[in-house]
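S.K.: what's the 3D shape of this:
(4 chains)
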Protein chains: 2
Amino acid sequence: MAFNKKDEFTQKENELSDFANAISHPARVAILKEIAKRETCICGEIVEVLPLAQSTVSQHLKELLKAELIKGTVDGAKSCYCINWKTFERFEKIFNGFFTKTNSNNPKCC
Amino acid sequence: MAFNKKDEFTQKENELSDFANAISHPARVAILKEIAKRETCICGEIVEVLPLAQSTVSQHLKELLKAELIKGTVDGAKSCYCINWKTFERFEKIFNGFFTKTNSNNPKCC
DNA sequence: TTTATTAATCGTATATTTGCGATATAAGAT
DNA sequence: ATCTTATATCGCAAATATACGATTAATAAA
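M.R.: As a prediction, the model looks like this:
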């Protein structure tokens, strides 16, 4: 942000937007999909499938790690990744509880 | 993006990331929450509640409109907004179907 | 030991996002 | 007609994000 206003919002608002931010790029969605499909997956396998350079993929993986959407361990020269489903569950809970959903055909609605 | 690689990803990957992108800022989460709470809501009411200038809020509203997360109509000098629940439902469907969730305690997982 | 493989990080260029004040526009009030 | 209110848009500055090639580091293979 131009001037960081994050502090001015609630923790839950930030948690939700941070999660959303992590999946707000098609490459990261594609990476998550690939890891979920394979259950466990090394970096090179993702690079093979995506239309991006290795360094770029590595950067996206780093962001997904930071947001705790994936877990990663070093396995020799390779890096092994898998989905951190706990974070997904927490997100779903926050997301569903966040907006007090009224009827979809709200007559007051514009 | 530095060079726009959107075309290189699937339509669903882009749809999901676009939705996520719309709620990837705490201000937009707060705006959605406020509109949902009030069911229908004018711009000024949101500006009152948020720690942001009117022009900034207006910009965020524009983005939410573009992503079809809200609907808006002009009501005299005022602008009336409400949640577009249809988009939320569509997102939930895509999101749930996207990642073939295996067991959370995947033994293969790192 | 040398070489190859794998992946993270650095440096850099470019694009986008965020935020605000100023301005424009349009309806409503006086 | 003029003033006020409400909101969108413009122009700008600063911060972030995206992408890549080059480099580094560390293991594995020869």
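S.K.: so which bits of chain A are right by DNA strand D?
M.R.: A:1-4, A:21, A:24-25, A:27, A:51-56, A:59-60, A:63, A:76-77 (C-beta under 7 Å from any atom of the strand). C-betas here are computed from N, CA, C, even on glycine.
S.K.: mind checking which of the residues you listed are buried?
M.R.: Neighbour-count burial (16 or more other C-beta atoms under 10 Å in any protein chain shown) applied to the residues of chain A next to DNA strand D gives A:21, A:24-25, A:27, A:52, A:60, A:63.
S.K.: need the residues you listed in TSV with pLDDT, can you?
M.R.: Shown next, in TSV, are these (pLDDT from 0 to 100):
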residue	pLDDT
A:21	98
A:24	98
A:25	98
A:27	98
A:52	97
A:60	98
A:63	98
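S.K.: now for the residues you listed: which two are most distant?
M.R.: Spanning the widest gap among those are A:21 and A:52, at 18.6 Å by C-beta to C-beta.
S.K.: hang on, residue A:80 is in a strand, isn't it?
M.R.: Yes. Membership of residue A:80 in a strand is supported by DSSP: H, G, I helix; E, B strand; the rest coil.
S.K.: thinking again about what came up before, could you single out the nearest of the buried ones among the residues of chain A next to DNA strand D to residue A:90?
M.R.: Proximity of these to residue A:90 (C-beta to C-beta) peaks at residue A:21, which lies at 15.2 Å.
S.K.: low-confidence ranges in chain A?
M.R.: Applying pLDDT under 70 to chain A picks out residues A:1-2, A:100-110.
S.K.: 50 - rerun?
M.R.: The model of chain A has no residue with pLDDT under 50.
S.K.: the buried ones among the residues of chain A next to DNA strand D: which ones sit near chain B?
M.R.: Applying C-beta under 8 Å from any C-beta of the partner chain to those, one finds that A:21, A:24-25, A:27, A:52 fall near chain B.
S.K.: and DNA strand C, is stretch A:24-33 touching that?
M.R.: No. Remark: stretch A:24-33 sits outside contact range of DNA strand C, by C-beta under 7 Å from any atom of the strand, the gap being at least 8.8 Å.
S.K.: tell me which residues in that stretch are buried?
M.R.: For stretch A:24-33, a neighbour-count test (16+ other C-beta under 10 Å) marks A:24-33 as buried.
S.K.: can you lay out these as JSON lines showing distance to residue A:43?
M.R.: Output for those, formatted as JSON lines (distance: C-beta to C-beta, whole Å):
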{"residue": "A:24", "distance to residue A:43": "21"}
{"residue": "A:25", "distance to residue A:43": "17"}
{"residue": "A:26", "distance to residue A:43": "18"}
{"residue": "A:27", "distance to residue A:43": "13"}
{"residue": "A:28", "distance to residue A:43": "14"}
{"residue": "A:29", "distance to residue A:43": "17"}
{"residue": "A:30", "distance to residue A:43": "14"}
{"residue": "A:31", "distance to residue A:43": "10"}
{"residue": "A:32", "distance to residue A:43": "14"}
{"residue": "A:33", "distance to residue A:43": "15"}
